[in-house]
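Enquirer: I'd like to go over a predicted model; first the sequence, then the structure.
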Amino acid sequence: MRILLAAALSLGLASPAFAQDTAPAPVDTPPSTDPQGDFAIVGVGVGLLPDYEGSGDYSVSPVPAAIGQVSGYRFILAGNRVSVDLIKDGYGPTWDVQAGPIGVVNFNRNSRDAIDNPQVALLDERGTAIELGGYVGIGKTGVITSDYDRFSATVSYRYDVAGVHSSGILTPTVTYTTPLSTKALVGLFASAEFVERGYGRTYFSVTPAESARSGLPIYTAGGGFKNWGIGAVGMRSLTGDLTGGLQLVGGVVYRRLSGDFADSPLTRVGSPNQWIGALGLAYSF
């Protein structure tokens, strides 16, 4: 099962938002471990991220990631989020169902020092939101190119329990990954986010006091369709193959803000076009 999940680490390093699904085995590579055996793949990357949602400025940040299996249950740690699949899956070309808990630590605008834009830096800091929830999904291994390519679709919902924005986020995601050889693979994915009103008020609104201090116009954002995004990832073995050893992983994600979120003064002094890039190394054991 180690080779089934190796590609998902590249998804995690490229964009934690898209790292909930398992991944395919490389072509013509037999399983090297018990499908129900315990293992872990760990990685760390350097990510290029917007200073805040809607920012036109970017900063570099470390992005940790880990994927593994304990007693048949799979877990994924990708940057600021963690998820666990509580349904044990079969092995080989098959359909499988995914379901389990998900947690995200949201650092958006929790430090003025991390924001380059002088007007946005004058707005009130936000606390660190703790978003907890769950996800369900379905996947199919053996779709187009071989017995090992994979398509999956998931829907997650999480709610801020720390009282920062006190609202929920719904995220549908589709992912397709395919091996190119025993040493390389690529993946494509698309996602969208729908948020409740509290999210818009917290991260995209400008209060009268903030307007007087920053010069940005007063603005009240609501909820709804916040953004859509697409991305691509790749993974290449540096030692051994995708079943073990050292791998180079990387990816890029494009997200487009919409509605109240694109119209917000925070976005107007920034950009509705949001890019995320990452490059890192992973090792399995």
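Expert: Looks like it arrived, so ask away.
Enquirer: would you map the strands across this protein?
Expert: Taking DSSP state E to define them, one finds strands in the chain at 39-50, 58-70, 73-78, 81-85, 95-106, 129-141, 150-160, 168-179, 184-195, 224-237, 245-257, 273-284.
Enquirer: point out where the stretch 51-200 of the chain drops to low pLDDT.
Expert: Across the stretch 51-200 of the chain, residues meeting the criterion (pLDDT under 70) sit at 89-92.
Enquirer: so which of the strands of the chain gets nearest N117?
Expert: strand 39-50 (10.6 Å; Cβ to Cβ). Yep, even glycine has a C-beta here, placed from its N, CA and C like the rest.
Enquirer: give me the angle between the closest one and strand 245-257.
Expert: 40 degrees (axes from the mean of the first three to the mean of the last three Cα atoms, to 10 degrees).
Enquirer: quick one: buried residues of strand 39-50?
Expert: Neighbour counts over strand 39-50 (16 or more other Cβ atoms under 10 Å) mark 39-43, 45, 47, 49-50 as buried.
Enquirer: again, but for stretch 215-223
Expert: For stretch 215-223, using 16+ other Cβ under 10 Å, the buried residues are 216, 219, 221-223.
Enquirer: from those residues, pick the one nearest S152.
Expert: G223 (27.1 Å).
Enquirer: ok, the closest residue to G133 other than its chain neighbours to H165 distance?
Expert: Closest residue to G133 apart from its sequence neighbours, by Cβ to Cβ, 6 or more residues apart in numbering: R158 at 3.2 Å. Using Cβ to Cβ, to the nearest Å, R158 is found at 11 Å from H165.
Enquirer: and if you look at L246?
Expert: 39 Å.
Enquirer: so between the two, which is more surrounded?
Expert: H165 (24 against 13; other Cβ atoms under 10 Å).
Enquirer: identify the residue nearest the more buried one in space, chain neighbours excluded?
Expert: In space, and not counting its chain neighbours, H165 is closest to T202: 3.8 Å by Cβ to Cβ, 6+ apart.
Enquirer: and the gap between V104 and A121?
Expert: Taken as Cβ to Cβ, the span from V104 to A121 is 24 Å.
Enquirer: what separates stretch 219-231 from the chain centre, distance-wise?
Expert: 16 Å (Cα atoms, centre = their mean, to the nearest Å).
Enquirer: same question but for stretch 71-82, I mixed them up
Expert: 12 Å.
Enquirer: quote the end-to-end distance of that stretch.
Expert: Terminal residues of stretch 71-82 lie 18 Å apart, using Cα to Cα, to the nearest Å.
Enquirer: buried set for that stretch?
Expert: The neighbour-count check on stretch 71-82 (16+ other Cβ under 10 Å) flags 74-82 as buried.
Enquirer: make JSON lines out of the residues you listed and add distance to S181.
Expert: Putting the buried residues of stretch 71-82 into JSON lines (distance: Cβ to Cβ, whole Å) gives the following:
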{"residue": "R74", "distance to S181": "24"}
{"residue": "F75", "distance to S181": "27"}
{"residue": "I76", "distance to S181": "24"}
{"residue": "L77", "distance to S181": "27"}
{"residue": "A78", "distance to S181": "25"}
{"residue": "G79", "distance to S181": "28"}
{"residue": "N80", "distance to S181": "32"}
{"residue": "R81", "distance to S181": "30"}
{"residue": "V82", "distance to S181": "31"}
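Enquirer: among these, which pair sits farthest apart?
Expert: Longest span within the buried residues of stretch 71-82, Cβ to Cβ: R74 and N80, 19.0 Å.
Enquirer: circling back: OK, contacts around the residue nearest to H165?
Expert: 126, 164-165, 167 (Cβ atoms under 8 Å, 6 or more residues apart in numbering).
Enquirer: who wins for neighbours among those residues?
Expert: H165 leads these on contacts (other Cβ under 10 Å) with 24 neighbours.
Enquirer: how close does it get to S55?
Expert: 18 Å.
Enquirer: which one of the strands of the chain lies closest to D113?
Expert: Comparing those by Cβ to Cβ, strand 58-70 comes nearest, at 10.6 Å.
Enquirer: give me the buried stretch members for that closest one, please.
Expert: 58, 63-69.
Enquirer: listing partners with orientation, what would you give for it?
Expert: strand 39-50 (antiparallel), strand 73-78 (antiparallel) (DSSP bridges).
Enquirer: all good on my end, thank you.
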